[in-house]
Each structure stands twice: as C-alpha cells, then as structure tokens.
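S.K.: no sequence on this one, just coordinates:
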C-alpha cells in the first residue's frame with residue numbers, strides 16, 4: 001500500500017493509479033523527492049525533478065527510457081542531476097518560461113500556465129504558481145478513474161506553502177495556491193511535494209486562514 005514515506009538511500013514507493021503509475025524516490029542532501037510518471041498502457045515515462053544521485057534515478061527509470069524531464073523550479077537542489085540524466089537518456093527537458101534562465105541546463109520545452117504534457121496516453125497540466133520562484137509549477141494529473149493527483153514542487157507542503165523571501169512573494173504564492181489549487185481541486189486530491197511526506201488538499205484546507213495570518 002502506497003504511503004509516500006520515502007528516505008534517502010531507501011527504495012522508491014510506487015502509487016499505482018491504474019492508467020498512470022507514480023514512483024517517488026528521495027535523493028540527495030536536501031531530501032528531495034524525484035517522481036517518475038509511467039503510462040501503464042504505452043510504457044512512456046516522464047521524470048519530475050532530476051534533483052541528485054543520477055545513478056539511483058537511472059535505476060528508477062530502468063530500460064524504458066524517458067520522453068521528458070520536467071523541472072518544477074529553478075532552485076539548484078531540484079536540478080543537480082539534470083544534465084547527467086539528460087545525457088544518459090537523451091530526453092528533452094521542460095520548465096516554465098519564467099524559470100528557464102535560472103536553470104543552467106538548456107530547456108527544450110518551454111511551459112506556460114495551463115500547458116498540457118502528454119505521457120503516452122496520460123496527460124498532466126502545468127499550473128504556474130508565483131512566489132517560491134517566478135516560474136514554479138505544479139503538475140496536475142486529473143485521473144479519469146479517481147481523485148486528482150498533484151505534484152507541487154516547493155509550492156505546497158504538509159503544513160503550509162513553500163518558502164518565500166518577502167511578504168509580497170508570500171502574498172503571491174498564497175494567492176495562487178488558494179485560487180488555482182484549493183479553490184479548484186477537491187479535498188481528496190493527493191499532493192506530492194518536493195521534499196518530505198505527501199498530504200491531501202482536504203488535510204491542508206482547514207489551515208488556510210492560519211497560513212494567511214502567520215504570513216508563511
């Protein structure tokens with residue numbers, strides 16, 4: 001049974017959704033989460049955040065290869081293994097247009113808010129959330145057979161939104177997370193953050209007012 005609790009050096013945890021399989025792996029000194037999305041019908045795979053430990057990431061990918069490597073945002077702990085994984089797989093890279101300049105590996109697919117990413121027969125949507133970085137994105141898989149699944153990078157965690165460097169940046173991130181995630185998605189939406197354990201939209205919703213009042 002998938003629970004999303006992974007540790008650096010430990011095995012991946014696999015969430016089998018039927019049409020899409022999401023594998024979660026913890027890597028590197030900052031306990032980053034790497035996600036491998038695999039279309040069950042076609043075998044196509046996409047990687048989210050080649051953060052560190054390229055050897056372990058390649059073991060996770062296996063012989064099927066990759067169709068795309070998505071970077072959720074520009075912070076270095078989320079792309080330390082990007083160049084090596086790209087070189088080893090030949091997969092194109094993707095990131096939001098507003099963070100491309102902050103990622104030293106060239107971006108092949110420039111994303112904007114609402115863009116669709118095809119992984120075989122499965123589709124995920126890029127949702128632009130401004131505040132943690134200018135071009136942070138979440139990736140939404142709206143499962144036709146169950147609740148939505150949301151990979152949030154460093155924009156939403158159990159207990160709050162991601163780190164921001166000013167009150168203005170917090171206001172922006174809080175507003176985007178509220179309007180684009182909480183106001184849109186049902187409580188049963190599963191949330192996969194960039195570090196640490198998973199949560200759900202419903203688990204976090206009661207604390208929104210508290211987050212607003214405390215300012216982080």
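M.R.: Cool, the structure landed. Since the structure is predicted, the reported quantities are computational estimates derived from the model, not experimental observations. Numbers count the residues shown, from 1 in each chain.
S.K.: check contacts around the most centrally placed residue in the chain.
M.R.: Per C-alpha atoms, centre = their mean, the C-alpha nearest to the average position across the chain is that of residue 151, at 3.6 Å. Contact analysis of residue 151 by C-beta atoms under 8 Å, 6 or more residues apart in numbering lists 35, 48, 72, 138, 139, 192. Bear in mind the C-beta positions are built from the backbone N, C-alpha and C, glycine included.
S.K.: beta partners of it?
M.R.: According to DSSP bridges, the residues that bridge with residue 151 are residue 139, residue 192.
S.K.: host element of residue 125?
M.R.: Assessed by DSSP states H and E, residue 125 sits inside strand 122-128.
S.K.: do residue 85 as well
M.R.: In the assignment (DSSP H and E), residue 85 maps to helix 82-89.
S.K.: which strands and helices sit next to that helix?
M.R.: helix 54-61, strand 68-70 (3 or more C-beta pairs under 8 Å, 6 or more residues apart in numbering; DSSP states H and E).
S.K.: could I get the average pLDDT for the shortest one?
M.R.: In this case it means strand 68-70. Across strand 68-70, the average pLDDT comes to 99.
S.K.: tell me the strands beside it, with direction?
M.R.: Here strand 68-70 is paired, per DSSP bridges, with strand 45-48 (parallel), strand 93-96 (parallel).
S.K.: which of those strands sits closest to residue 207?
M.R.: Closest approach to residue 207 among those (C-beta to C-beta): strand 45-48, 25.3 Å.
S.K.: which of the helices and strands packed on helix 82-89 sits most buried?
M.R.: strand 68-70 (a mean of 25; mean count of other C-beta atoms under 10 Å).
S.K.: for the helix ranked longest in the chain, buried residues please.
M.R.: For the chain, the longest helix by residue count, based on DSSP state H, is helix 167-176. Neighbour-count burial for helix 167-176 flags 169, 170, 172, 173, 174, 176 (criterion: 16 or more other C-beta atoms under 10 Å).
S.K.: counting by contacts, list what the strand holding residue 125 packs against.
M.R.: strand 32-39, strand 116-119, strand 137-141.
S.K.: closest to residue 104 out of those strands?
M.R.: Distance to residue 104, taken as C-beta to C-beta, is lowest for strand 32-39 among those, at 17.1 Å.
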